[in-house]
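Peer 1: pasting the sequence and the predicted coordinates here, then a few questions.
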Protein chains: 2
Amino acid sequence: MNLYDATVPIFTKLLSGVDKWLDKATASADAKKFEVDTLASARLAPDQYPFVRQIQAACDQVKFTVAKLTGKEPPKHPDTEKTIAEIRQRIRTVVDYLATFSREDFAGAEERPCGHSWMGGKSLRGGDYLDHFALPNFYFHLVTAYDILRHNGIDVGKMDYIVDLPFRG
Amino acid sequence: MNLYDATVPIFTKLLSGVDKWLDKATASADAKKFEVDTLASARLAPDQYPFVRQIQAACDQVKFTVAKLTGKEPPKHPDTEKTIAEIRQRIRTVVDYLATFSREDFAGAEERPCGHSWMGGKSLRGGDYLDHFALPNFYFHLVTAYDILRHNGIDVGKMDYIVDLPFRG
């Protein structure tokens, strides 16, 4: 086992899948004659992040996860996106970053200390960081982004989120 | 690495954390004078599962994940819950089931073929089943349950979902 398998291909597939959600959002906007970019600021509660910020947070968690597990310096991505087109570009930027990683980069990742500045100098074992924080936090933002679209009548379904499954032979 | 670490303690902690969400929901219902059980049927879209069904689906994914990865027969849990008290009990039942598993049960789990009847006889390697389906599907239902409460004004926050982190010594 290598933590590459639990991170790079999964993040790549699930983030890339958001493009299809946004295709459906755009088709719905065209059919119902509303401006698709209004969805960028849609949210489920007034004190919760809107769609664009949920995607930014999911992208950041992906970037930090692979950088911290492999001891690399993550790139900076200022949260300037306001439109659906810009959100698509942010996702592509992170997917391109994921493509720079190899299985070899993740050698020893399970034991590598991983932390964020808000953890006040504390850290977690790499394996614990992935299981207890990185994956729950990534899914928290990705699924909430999905739920915001779903709540706004976009006809995304579970397989638009799961994308596909690597069945055996 | 052993897939026990990526499943049993995570599922136990996150599902147990739902009790705190429901404590907050109950406090909010008391303060605002509404019947807390109305939240059981709350949903974000008319053609999406309501809260109770999201929790049932999260519980089922947990049960199936640990059973399939270890080659055990999962218990049957009919989806009869209608109240918040019954939802709490469903969660306790699954958490108790998780407690019957040991790290030894997961020996060889990465390579064990795992599938569901709806996969039409196909299966995935255990490691792929966990990363590509079980975790995304579990979080899909757990986070949507959270979002339903959040959308209904319950003041749950991210740390009620993450619960706690196992920092290094």
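Peer 2: Right, received. Where do you want to start?
Peer 1: only C-alpha atoms for contact and neighbour calcs from this point on.
Peer 2: Noted.
Peer 1: who's in contact with the longest helix along chain A?
Peer 2: Assignment by DSSP state H gives helix A:8-32 as the longest helix of chain A. Contacts with helix A:8-32, where a contact means C-alpha atoms under 8 Å, 6 or more residues apart in numbering or on different chains, come from A:35-36, A:59, A:62, A:66, A:84, A:88, A:91-92, A:95, A:98-99, A:101, A:146, A:149, A:154-156, A:160-163, B:131-132.
Peer 1: which of those count as buried?
Peer 2: A:36, A:59, A:62, A:66, A:84, A:88, A:91-92, A:95, A:98, A:146, A:149, A:154, A:156, A:160-163, B:131-132 (16 or more other C-alpha atoms under 10 Å in any protein chain shown).
Peer 1: what residues sit buried inside the longest helix of chain A?
Peer 2: Using 16+ other C-alpha under 10 Å as the burial criterion, the residues of helix A:8-32 that qualify are A:8, A:10-19, A:21-22, A:24-26, A:28-29.
Peer 1: okay, and which of the buried ones among the contacts of helix A:8-32 map to helices?
Peer 2: Among those, the members that lie in helices (by DSSP H) are A:59, A:62, A:66, A:84, A:88, A:91-92, A:95, A:98, A:146, A:149, A:160-162.
Peer 1: what's near enough to touch the most centrally placed residue in chain A?
Peer 2: The centre of chain A sits closest to A:Ala58, judged by C-alpha atoms, centre = their mean, with a distance of 3.3 Å. Shown in contact with A:Ala58 (C-alpha under 8 Å, 6+ apart): A:Asn137, A:Phe138, A:Tyr139, A:His141, A:Leu142.
Peer 1: and the last one, that's in a helix?
Peer 2: Right, the one you point to is A:Leu142. Yes: using DSSP: H, G, I helix; E, B strand; the rest coil, the assignment for A:Leu142 is a helix.
Peer 1: what's the local residue count around it?
Peer 2: Using other C-alpha atoms under 10 Å in any protein chain shown, the number of residues around A:Leu142 comes to 24.
Peer 1: about what we covered before: please read off the pLDDT at the residue nearest to the centre of chain A from the model.
Peer 2: According to the model's per-residue confidence, A:Ala58 sits at a pLDDT of 98.
Peer 1: circling back: quick check, nearest of the ones in helices among the buried ones among the contacts of helix A:8-32 to chain B?
Peer 2: Here the nearest of these to chain B, counting by C-alpha to the nearest C-alpha, is A:Ile162; it sits at 7.0 Å.
Peer 1: surely that closest one touches B:His132?
Peer 2: Yes: with contacts counted by C-alpha atoms under 8 Å, A:Ile162 reaches B:His132, the gap being 7.5 Å.
Peer 1: overlap of the contact sets of these two?
Peer 2: Joint contacts of A:Ile162 and B:His132 (C-alpha under 8 Å, 6+ apart) do not exist.
Peer 1: same list (the ones in helices among the buried ones among the contacts of helix A:8-32) but as JSON lines, adding distance to chain B.
Peer 2: As requested, those are arranged in JSON lines below (distance: C-alpha to the nearest C-alpha, whole Å):
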{"residue": "A:Cys59", "distance to chain B": "16"}
{"residue": "A:Val62", "distance to chain B": "14"}
{"residue": "A:Val66", "distance to chain B": "15"}
{"residue": "A:Ile84", "distance to chain B": "22"}
{"residue": "A:Arg88", "distance to chain B": "21"}
{"residue": "A:Ile91", "distance to chain B": "18"}
{"residue": "A:Arg92", "distance to chain B": "20"}
{"residue": "A:Val95", "distance to chain B": "17"}
{"residue": "A:Leu98", "distance to chain B": "17"}
{"residue": "A:Tyr146", "distance to chain B": "9"}
{"residue": "A:Leu149", "distance to chain B": "10"}
{"residue": "A:Asp160", "distance to chain B": "12"}
{"residue": "A:Tyr161", "distance to chain B": "8"}
{"residue": "A:Ile162", "distance to chain B": "7"}
